[in-house]
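**Q** prediction below, plus the sequence it came from.
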Amino acid sequence: MGLRPVNLRGKECAMETSETIEARAARVQQGLQGAFGVRARTLDKALKRTGRRLPKRLHTEAKRIVAAQDLGGNPKLMQRVDAAALNRAETRVLDYLRGIDRADARKGRILGLTAIVVFNLLVVGAAFVLWMWWTGQV
């Protein structure tokens, strides 16, 4: 006679196992690697390396998966895990990560850096011309 987990509303829900949580964590970790190029052994370290590139709300969603992972497969503690919340968290994070274009982000960083260098060269050039004018050499 197998008992099925029941949520607070009395409806049956699927019980999360350590294997399914590890699979979720692996998918999110692969998404982080694909979107940001972050390589780490665990999802927790990958989130730390991602830093502020991932929005705070999605960072907390991914932390839910890490928290479920930390329960370590203990059957009593695994009853506390909300499978629907983990599914929503994984879906939200992966949907966001799929929308990131690494090539476009790289182009944006390169253009931003180029703009900073050009602006600084213009400021230095203008300061040089101003100095020459001030000293009467122009």
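**A** Thanks, I have it. Numbering: from 1, shown residues only.
**Q** pull the longest helix from the chain.
**A** For the chain, the helix with the greatest residue count under DSSP state H is helix 102-135.
**Q** tell me what it is packed against?
**A** The contact analysis (3 or more Cβ pairs under 8 Å, 6 or more residues apart in numbering; DSSP states H and E) places helix 102-135 against helix 18-36. Heads up, the C-betas are built off the backbone N, CA and C, glycines and all.
**Q** next structured bit after the helix it packs on?
**A** helix 43-50 (DSSP states H and E).
**Q** give me the next element, helix or strand, following that next one.
**A** helix 56-70.
**Q** buried sites along the helix or strand following that next one?
**A** Downstream of helix 56-70, the first helix or strand assigned by DSSP H and E is helix 75-78. Using 16 or more other Cβ atoms under 10 Å as the test for burial, helix 75-78 gives residue 78.
**Q** any chance you could give me the very next helix or strand once past helix 75-78 in PDB, C-alpha atoms only?
**A** Counting by DSSP H and E, the element after helix 75-78 in chain order, helix or strand, is helix 83-98. In PDB, the C-alpha atoms belonging to helix 83-98 read as follows (Å, rounded to 0.1, in the frame of the first residue of the first chain):
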ATOM      1  CA  ALA A  83       7.300  20.200  -6.600                       C
ATOM      2  CA  ALA A  84       5.000  22.800  -8.300                       C
ATOM      3  CA  ALA A  85       7.100  25.700  -7.000                       C
ATOM      4  CA  LEU A  86      10.300  24.100  -8.200                       C
ATOM      5  CA  ASN A  87       8.800  23.500 -11.600                       C
ATOM      6  CA  ARG A  88       7.700  27.100 -11.800                       C
ATOM      7  CA  ALA A  89      11.100  28.300 -10.700                       C
ATOM      8  CA  GLU A  90      12.900  26.100 -13.200                       C
ATOM      9  CA  THR A  91      10.600  27.200 -16.000                       C
ATOM     10  CA  ARG A  92      11.000  30.900 -15.200                       C
ATOM     11  CA  VAL A  93      14.800  30.800 -15.000                       C
ATOM     12  CA  LEU A  94      15.200  28.700 -18.200                       C
ATOM     13  CA  ASP A  95      12.800  30.900 -20.100                       C
ATOM     14  CA  TYR A  96      14.800  34.000 -19.200                       C
ATOM     15  CA  LEU A  97      18.100  32.300 -20.000                       C
ATOM     16  CA  ARG A  98      16.800  31.200 -23.400                       C
END
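**Q** cheers, nothing more for now.
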